[in-house]
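Asker: Make a model of this:
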Amino acid sequence: MVQIRPSEERGQNEMSWLKTRFTFSFDQYYDPSHTQFRSLRVLNEDVVAAGQGFGMHPHRDMEILTWVLEGAVQHRDNMGNSGVIRPGELQHMTAGTGVMHSEFNASSKDPVHLLQIWILPERNGLKPTYEQLAFADADLRNQFALVAGPKAPITIRQNANLYIARLDAKVKVEHTLDRNRHAWIQVARGSIRVNGQGLEAGDGAAISNETKIRVESAEPSEVLLFDLA
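Answerer: Reported below is the predicted structural model:
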């Protein structure tokens, strides 16, 4: 079963420096039909204006991932970490007992376009950690590459795996979904078909009671696939 969450039905917030689309309830946007999917709690698409960003603020008891689509993000936190995140680099924080961090557009001229992802942790009270890892385009090209999970290059403290694929036009890829597993597909850019159903950029889909996820790109596309307990 594939249930599509159309891009235009997402929640939204627009300010002078920030445009956000909310797949699930977040902050002042609340939709009782879309609060989370399994352990996937937040999937926000942000466009942040040049030189703007999120000042120091706290989080706790959440697995936080940032995937940049265009531009660059300047990160700082109270664990002593700082650096710039660019397309192809995945940032991860286990917020655990508590972290303070800021995320700013690293450019004074161009906007940054990113996906902010929160996954509920396996338990509360974990030790805070920080990771940032670059993935070569060749490793993501025309296949679902495992980038984050309990036994992945980026370690998530939850029974959840994140795969990312960058697909050329008219490419077919498959993902096997084990029994009692569920998936969320998010189209970051491009246009695809998932098990015969069309999805465009910004669309998502909840997938359950399927053994195979078949994705075909109509044009160059970037796709995130969450394999969830």
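
Asker: hey, what's residue 213 bridged with?
Answerer: Beta-bridge pairing for residue 213 (DSSP bridges): residue 175.

Asker: Residue 177 is in contact with that one, correct?
Answerer: Yes - contact criterion Cβ atoms under 8 Å: residue 213 and residue 177 qualify, at 6.0 Å. For the C-beta atoms, the positions are set from N, CA and C on the backbone; glycine is no exception.

Asker: Mutual contacts of those two, please.
Answerer: Both residue 213 and residue 177 are contacted by 183, 207, under the criterion Cβ atoms under 8 Å, 6 or more residues apart in numbering.

Asker: residues contacting residue 81?
Answerer: Here residue 81 is in contact with 75, 130, 132 (Cβ under 8 Å, 6+ apart).

Asker: Ok, residue 143 next?
Answerer: Residues in contact with residue 143 (Cβ under 8 Å, 6+ apart) are 165, 173.

Asker: With residue 177 instead?
Answerer: Counting by Cβ under 8 Å, 6+ apart, residue 177 makes contact with 183, 207, 210, 211, 212, 213, 227.

Asker: Apply the buried test to those residues and list what passes.
Answerer: If you count burial by 16 or more other Cβ atoms under 10 Å, the buried members of these come out as 183, 207, 210, 213, 227.

Asker: Specify the beta-bridge partners of residue 191.
Answerer: Legend: beta-bridge partners of residue 191 under DSSP bridges are residue 200.

Asker: going forward can the numbers begin at 41, since that is how I track them
Answerer: Shifting the count to begin at 41 puts that one at residue 231.

Asker: Just to check, it is in contact with residue 242?
Answerer: No - contact between residue 231 and residue 242 fails when scored by Cβ under 8 Å: they sit 10.8 Å apart.

Asker: so how many other residues sit close to residue 236?
Answerer: 8 (other Cβ atoms under 10 Å).
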